[in-house]
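**Student:** My questions concern the predicted model and sequence given below.
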Amino acid sequence: MKPGNYFYKDQPLFGMDIGFSSVKVMQTVDTGKERQVVGYGVAPFPSTAIKDGVIEDVQSLAEAVKKMFDQSIIGEITTRNVAFSIPATRTFTRTLNLPTIKPDEIPDAVVLEAEQYIPMPINELYIDHVVLSNTEKGIEVLAVAVPKKIVDSYIHLANVIGVTPVAFDTSILAAARLFKKQDDHNDIPAVLVDFGSMSTDITVHDKTVIVTSTLPKGGDMFTETISKTLKVSFQEAHVIKTKYGISKSKKQQEILNALKPAIDQLAKEIQRMIRYHEERNESKEKIGQIVAMGGGANMPGLSDYLTDSIRLPVRTCEPLRNFNLQKLRPPSTVEKSMYVTVAGLSLIQPGELFSND
């Protein structure tokens, strides 16, 4: 999704992922043989700066970004062109089946379809689409709608920090791009589970994004539950979650009992998505894997628990596994999982950007 005709094929870009209380950036370059990381970084900012997806305190966030660029970038960000991610919880993403129509009629058809399922006035949304397939049976498109006030607040931030927004992508689509381009098993239909701090995005991916869902529970909820259960501070609970999780430990059963309702709900939602896909696409290959991504994916014991519950192999995505960091200091094991979305953004190529219709 583009805010305007800002993108030129000979100009690189970097990704910027603005989360609940931290901002991540990354720039990579395709050498033809591999993907090299030019620079990356992360910086905290007050969570109060953003409300309902809209950047309300632009100044606080801008100061955090500028400080990061000045003091803590690993490597170098060499371009001012930025691709932003919009949290999937604040967007409407859907695959639409349209009748066979002329190319110039598709945008209007997408808008008409969007009016049927989006609970917001169309004039308050930016709507974009990409054609997935075009056959005699009809046209399949992936449509994305984002509230204008969210995108406009990001553009305001870009103006303040002196960068040029060239693309907007949802966090789900960025994660899917990383999976499609960097994963050795991307030809196997998969459910991608992206754990954010406040929510978890679930995506069925079969050569492209098929259907998406979001649960309003993320990694911080796991931490808060452990904190209350063991009567420890949030910081201590975070250490326990990342070091022991629900794997074998003195407190395993106590932690598992506390987290079980949320994890079981996640398992049920994944199973619901799998059923939806298989009922809708009877002739296609069945889901063969579940890939856990994001900050909460590395909680010890989680993949094994989900594998036993869903009866499908669950593995954790290593977002930088096929990236060459050259001589740059690599992020810590815990930090790596945070870079899923921004790594996906850094892979954007001119031909992949949504149309300007």
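**Tutor:** In hand now; what should we look at?

**Student:** how about the helices in the stretch 101-250 of the chain?
**Tutor:** 106-117, 148-161, 171-182, 219-230, 234-243 (DSSP state H, counting those that start in this stretch).

**Student:** Please tell me how far the residue nearest to Ile101 when sequence neighbours are not counted sits from Arg94.
**Tutor:** Leaving aside its sequence neighbours, Ile101 sits nearest to Ala109 (CB to CB, 6 or more residues apart in numbering; 6.1 Å). Where C-beta positions appear, they are placed from N, C-alpha and C, glycine not excepted. In this view, Ala109 and Arg94 are 13 Å apart by CB to CB, to the nearest Å.

**Student:** Leu256 now?
**Tutor:** As defined by CB to CB, Leu256 lies at a distance of 36 Å from Arg94.

**Student:** neighbour count winner among those two?
**Tutor:** Between Leu256 and Arg94, Arg94 has the larger neighbour count (other CB atoms under 10 Å), namely 19 against 16.

**Student:** Identify the residues contacting the nearest residue to that one once chain neighbours are set aside.
**Tutor:** Ranked by CB to CB, 6+ apart and with sequence neighbours excluded, the top spatial neighbour of Arg94 is Ala143, at 5.5 Å. Contacts for Ala143 (CB atoms under 8 Å, 6 or more residues apart in numbering) come out as 92-96, 110, 113-114, 127-129.

**Student:** With pLDDT and distance to Cys317 added, can I get those in CSV?
**Tutor:** Putting the contacts of Ala143 into CSV (pLDDT from 0 to 100; distance: CB to CB, whole Å) gives the following:
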residue, pLDDT, distance to Cys317
Phe92, 90, 25
Thr93, 86, 20
Arg94, 85, 24
Thr95, 84, 23
Leu96, 88, 28
Val110, 94, 31
Glu113, 91, 32
Ala114, 90, 31
Ile127, 94, 30
Asp128, 91, 26
His129, 90, 27
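
**Student:** Looking at those residues, which is nearest Glu335?
**Tutor:** Relative to Glu335, the closest of those is Thr93; by CB to CB it sits at 27.4 Å.

**Student:** quick check, the closest one in a helix?
**Tutor:** No - Thr93: not assigned to a helix; according to DSSP: H, G, I helix; E, B strand; the rest coil it is strand.

**Student:** can you map out the strands along the stretch 51-200 of the chain?
**Tutor:** Using DSSP state E, counting those that start in this stretch, the strands of the stretch 51-200 of the chain run over 54-55, 74-75, 81-86, 92-98, 125-135, 138-147, 164-170, 190-195, 200-205.

**Student:** Select, out of the helices of the stretch 101-250 of the chain, the one closest to His205.
**Tutor:** The nearest among the helices of the stretch 101-250 of the chain, by CB to CB, is helix 171-182 at 5.5 Å.

**Student:** so where's the stretch 201-350 of the chain uncertain?
**Tutor:** Within the stretch 201-350 of the chain, the ranges that satisfy pLDDT under 70 run 282-283, 350.

**Student:** For it, just list every one of the strands.
**Tutor:** Under DSSP E, counting those that start in this stretch, the stretch 201-350 of the chain gives strands at 209-215, 289-294, 314-316, 323-324.

**Student:** Single out the most deeply packed of those.
**Tutor:** strand 289-294 (a mean of 23; mean count of other CB atoms under 10 Å).

**Student:** partners of that strand in the sheet?
**Tutor:** In the sheet, strand 289-294 lines up against strand 190-195 (parallel), strand 314-316 (parallel) (DSSP bridges).
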